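Peer 1: pasting the sequence and the predicted model now:
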Amino acid sequence: MRLRTMRPSLVALAFIAASILARAQSTVWLGTPRTIAPGVELYTSLDPSLADPAGPSAIHLLKLDLTKVTLSSAHARDEIVGLETVDAIAARHQAIAAVNAGFFNTRNGDPASVLKIAGELVSDASAAKGVVAIAPPDKGGQLLTFDQLSAKQEIRFTAAGRDWTVPVDGVDTTRGRGRLMLYTPAYHADTDTALNGTEIVASGTPLLVREVRSNMGHTPIPRDGVVLSFGGVGLPPALAALTPGTRITLITNWKSVNNVPASIFESARDVVNGAGLLRRGGQAITDWKAESLNPATFLDVRHPRMLIGVDDRGFVWLVAIDGRQPGYAVGMDFRELQRLCDRLKLRDALNLDGGGSVTMVVKNVIVNRPSDPTGPRAVSDAILVRTR
């Protein structure tokens with residue numbers, strides 16, 4: 001009888017021991033981590049087998065426990081107009097660590113796709129791209145949601161005896177002739193626009209039109225409101241109906257490729273864009289037609305890469321993959337990124353901006369080797385790691 005009762009326990013112990021050994025063997029390539037702060041571990045791997053075929057590799061990995069630290073997004077200089085290096089963004093926000101985040105226009109820092117910072121949408125997009133939505137922190141940590149997403153805004157109001165719905169052509173971006181732009185306080189102190197247009201100032205809760213300015217430009221953006229800016233002369237009838245005192249409502253239309261509820265993005269504190277959703281719900285993504293990614297120049301070519309993912313135990317990984325440096329690091333293509341996701345046992349993962357933008361900062365020190373010969377590139381936005 002004693003043997004019969006002990007055998008299941010021995011079998012269970014043997015299974016647990018084998019599982020622990022298998023996991024330990026699967027992470028030998030990572031080496032020993034350096035503890036940066038409670039909930040933050042830094043690994044560095046030079047394992048040539050990370051490339052296939054094998055070649056010089058250098059990757060830097062932050063393992064994060066979101067019960068002890070928080071993630072958030074920050075824009076360069078805390079406004080959409082401008083660029084800044086990741087180490088400068090991290091220092092200004094007193095972050096434990098930081099990495100470059102979304103794709104952007106290298107001339108002016110304009111985000112290339114959806115970007116939400118501190119609860120406010122500051123960049124929209126008609127085409128779907130990979131994103132990670134970061135929920136506000138709670139006692140149990142933060143929820144990260146991965147998707148392929150587009151987002152556009154519209155304004156709704158009642159005026160001149162009827163209801164109006166007017167699409168917004170762009171958020172916090174350069175105004176075009178005959179197009180309606182929406183400028184938030186995150187953009188700049190003013191709209192930075194030319195004189196040939198009409199700008200409608202709305203503020204307060206609820207939003208009320210306060211002023212209509214014609215052919216003036218550079219309208220100050222209220223801290224508790226927005227500016228609607230139409231380029232060119234001759235307002236469309238809907239915008240002409242907007243007069244001081246009119247109440248307006250902003251609506252964001254979130255379009256998820258993977259049927260994620262819009263409420264997830266509405267409630268998210270931050271939404272950061274990438275290009276190439278790699279994993280979602282434990283399933284590897286192998287078709288990126290939804291994101292219109294070019295195999296010849298992007299998917300099948302080795303580049304420096306930045307990756308964010310969540311593993312099967314709930315830890316978040318930020319991974320900087322150096323490349324374009326013969327003899328030191330060759331970078332990775334998407335097939336190799338998927339193999340890395342396997343090694344880290346990631347159930348969700350997203351490829352962030354790469355190339356010369358790849359920068360990982362830990363305690364105010366850049367720990368990777370950015371590929372630009374001039375040093376770390378100024379970027380538009382970063383993901384920050386801070387103490388809870």
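Peer 2: Sure thing, it's come through.
Peer 1: tell me, how many residues neighbour D270?
Peer 2: By other Cβ atoms under 10 Å, the residues close to D270 number 26. The way it works is simple: take the backbone N, C-alpha and C, and place the C-beta from them, glycine included.
Peer 1: lowest-confidence helix or strand of this structure?
Peer 2: Every helix and strand of the chain was ranked by mean pLDDT, DSSP states H and E. The lowest is helix 2-26, at a mean of 50.
Peer 1: after that helix, which helix or strand is next?
Peer 2: Scanning forward in sequence from helix 2-26 by DSSP states H and E, the next helix or strand is strand 34-37.
Peer 1: run the chain-centre distance for the helix or strand following that next one.
Peer 2: Sequence order places strand 40-45 as the next helix or strand after strand 34-37, per DSSP H and E. Remark: strand 40-45 is offset 21 Å from the chain centroid, using Cα atoms, centre = their mean, to the nearest Å.
Peer 1: packing partners of strand 40-45?
Peer 2: strand 34-37, strand 59-64 (3 or more Cβ pairs under 8 Å, 6 or more residues apart in numbering; DSSP states H and E).
Peer 1: out of these, deepest packed?
Peer 2: Stretch with highest mean neighbour count among those: strand 59-64 (a mean of 23; mean count of other Cβ atoms under 10 Å).
Peer 1: please state the offset of it from the chain centre?
Peer 2: The answer for strand 59-64 is 17 Å, by Cα atoms, centre = their mean.
Peer 1: show me what that strand pairs with in its sheet, parallel or antiparallel.
Peer 2: As defined by DSSP bridges, the strand partners of strand 59-64 come to strand 40-45 (antiparallel), strand 316-321 (antiparallel).
Peer 1: what's in contact with the last one?
Peer 2: It refers to strand 316-321. Contact with strand 316-321 is made by 57-64, 66, 71, 97, 99, 144, 304-311, 329, 331-332, 337, 340, 344, 346, 354, 358-360, 367-368, 383, 385, as judged by Cβ atoms under 8 Å, 6 or more residues apart in numbering.
Peer 1: average model confidence for that strand?
Peer 2: Mean pLDDT, strand 316-321: 98.
Peer 1: how about P373, phi and psi?
Peer 2: phi -60, psi -20 (degrees, to the nearest 10).
Peer 1: for R324, see how far away it is.
Peer 2: 10 Å (Cβ to Cβ, to the nearest Å).
Peer 1: which residue of the two possesses the greater neighbour count?
Peer 2: R324 (18 against 7).
Peer 1: just to revisit the earlier point, let's have the helices and strands packed on strand 40-45 in JSON lines, adding mean pLDDT and distance to R107.
Peer 2: Converted to JSON lines, the helices and strands packed on strand 40-45 look like this (pLDDT from 0 to 100; distance: least, Cβ to Cβ, whole Å):
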{"stretch": "strand 34-37", "mean pLDDT": "98", "distance to R107": "34"}
{"stretch": "strand 59-64", "mean pLDDT": "98", "distance to R107": "28"}
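Peer 1: on that earlier part again, now the buried members of the contacts of strand 316-321.
Peer 2: For the contacts of strand 316-321, a burial check counting by 16 or more other Cβ atoms under 10 Å picks out 57-64, 66, 71, 97, 99, 144, 304-311, 329, 331-332, 337, 340, 344, 346, 354, 358-360, 367-368, 383, 385.
Peer 1: all helices for the chain, in order.
Peer 2: 2-26, 86-92, 237-240, 262-267, 334-344 (DSSP state H).
Peer 1: so for the third one, what's the average pLDDT?
Peer 2: Okay, so that is helix 237-240. pLDDT averaged over helix 237-240 gives 95.
Peer 1: middle-most residue in the chain, spatially?
Peer 2: Most central in the chain under Cα atoms, centre = their mean is V272, positioned 1.8 Å from the mean C-alpha point.
Peer 1: list the contacts for that one?
Peer 2: Contacts of V272 were listed using Cβ under 8 Å, 6+ apart, and they are S73, A101, G102, L115, V131, V132, I134, I308, L352, D381, I383.
Peer 1: any idea which of those residues is closest to G31?
Peer 2: I308 (21.0 Å; Cβ to Cβ).
Peer 1: correct me, but that closest one touches V131?
Peer 2: No - checked against Cβ atoms under 8 Å, the pair I308 and V131 is beyond contact range at 10.5 Å.
Peer 1: which residues do those two both contact?
Peer 2: In contact with both I308 and V131: V272, G274, L350, using Cβ under 8 Å, 6+ apart.
Peer 1: give me the number of residues near E154?
Peer 2: The local packing of E154 (other Cβ under 10 Å) involves 16 other residues.
Peer 1: pretty sure it is touching V166, no?
Peer 2: Yes - in terms of Cβ under 8 Å, E154 counts as a neighbour of V166; the distance is 6.3 Å.
Peer 1: do a quick rundown of the strands in the stretch 51-200 of the chain.
Peer 2: 59-64, 69-75, 97-100, 115-117, 120-123, 125-134, 144-159, 162-167, 170-171, 180-183, 197-203 (DSSP state E, counting those that start in this stretch).
Peer 1: should've said the stretch 251-388 of the chain
Peer 2: 270-273, 277-280, 283-284, 305-311, 316-321, 346-351, 360-362, 365-366, 381-387.
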